[in-house]
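K.L.:
No sequence on hand, only this structure:
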């Protein structure tokens, strides 16, 4: 795959998803989802029509990646023919409800984060720093309510003018991906027009959201072997890593 050039002067702002784009926390999320679902499936009594095979990496990318916690929980359970009461966000992790399982996953994630920490993608950090040289704003978005803690753990909080996360979604009541709400909220906070803004995502639901929001350039980062699907869902450009993108500030730089 060849390198790609983008022209900074064509864009007003940059919005990046956190997990899998800015930070290497996707591994922690996959671990937490698998631990929670596998434990649940092993202890659940067999019922007709339900698939209780182990949670896989394919399941992660297809059903939970990029989605708010409870939406991801419900999506995966539905794929296995399992119906649980939705419950309430206050449900304890031990309760067998969509919210209870979602909270159980969050407990697994926080335990992993506390024990192992998380790293950033150095190529993404460099891409952001180059973009910021233009004086244009940058936002980070995440469906996770742990986003600010993850960014601090990775040491990249200072790269962003604003962070929009799962806490904001709960407080403001906007819909999760593939709805474009979280990206539109970030663009509003940055004071930029979506049609003049870059979105960078690795999740299928995320590129769908970028397309639905009318963003001018949606870059799909192919971390999970999904190049064709990322394009089909709305990515204008698909790269293996942001190091493959060269940022050009103006036409005069092009001539040097």
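P.N.:
Perfect, thanks for sending it. This structure is a prediction, so every number in the text was calculated from the model and none was measured.
K.L.:
Show the contacting residues for the nearest residue to residue 16 once chain neighbours are set aside.
P.N.:
Take residue 16 and drop its neighbours on the chain: the residue closest to it by C-beta to C-beta, 6 or more residues apart in numbering is residue 200, 4.4 Å away. The C-beta positions use only the backbone N, C-alpha and C, and glycine is treated the same way. Going by C-beta atoms under 8 Å, 6 or more residues apart in numbering, residue 200 touches 14, 15, 16, 17, 21, 124, 219, 221, 242.
K.L.:
Please flag which of those residues sit within helices.
P.N.:
residue 124 (DSSP state H).
K.L.:
Go through the contacts of residue 200 and name the one nearest residue 27.
P.N.:
Using C-beta to C-beta, residue 21 comes nearest to residue 27 of the contacts of residue 200, at 13.4 Å.
K.L.:
and which of the contacts of residue 200 is nearest to residue 110?
P.N.:
Distance to residue 110 across these (C-beta to C-beta) is lowest for residue 17, with 19.9 Å.
K.L.:
close enough to count as contact, the closest one and residue 204?
P.N.:
No. Using C-beta atoms under 8 Å, residue 17 is not in contact with residue 204; the gap is 11.6 Å.
K.L.:
quick one: which of the two has more around it?
P.N.:
Applying other C-beta atoms under 10 Å to residue 17 and residue 204 shows that residue 17 carries more neighbours, namely 29 against 24.
K.L.:
what's across from that one in the sheet?
P.N.:
residue 141 (DSSP bridges).
K.L.:
what pLDDT, on average, does whatever helix or strand residue 111 lives in get?
P.N.:
Per DSSP states H and E: residue 111 is located in helix 98-116. Here helix 98-116 scores 94 as its mean pLDDT.
K.L.:
List the contacts of it.
P.N.:
For helix 98-116, the surrounding residues in contact (C-beta under 8 Å, 6+ apart) are 25, 28-29, 31-33, 35-37, 40, 69-70, 72-74, 77, 84-94, 145-146, 149-150, 153.
K.L.:
let's see 6 Å
P.N.:
The contact list for helix 98-116 (C-beta atoms under 6 Å, 6 or more residues apart in numbering) reads 28, 31-33, 35-36, 69-70, 73-74, 84, 86-89, 91, 93.
K.L.:
Could you do stretch 55-72 as well?
P.N.:
For stretch 55-72, contacts defined as C-beta under 6 Å, 6+ apart pick out 30, 33-34, 37-38, 75-76, 79, 98-99, 102, 143, 166, 176-177, 203, 205-206, 224.
K.L.:
my guess is residue 186 contacts residue 15, does it?
P.N.:
Yes. The criterion here is C-beta atoms under 6 Å, and residue 186 meets it with residue 15 at 4.9 Å.
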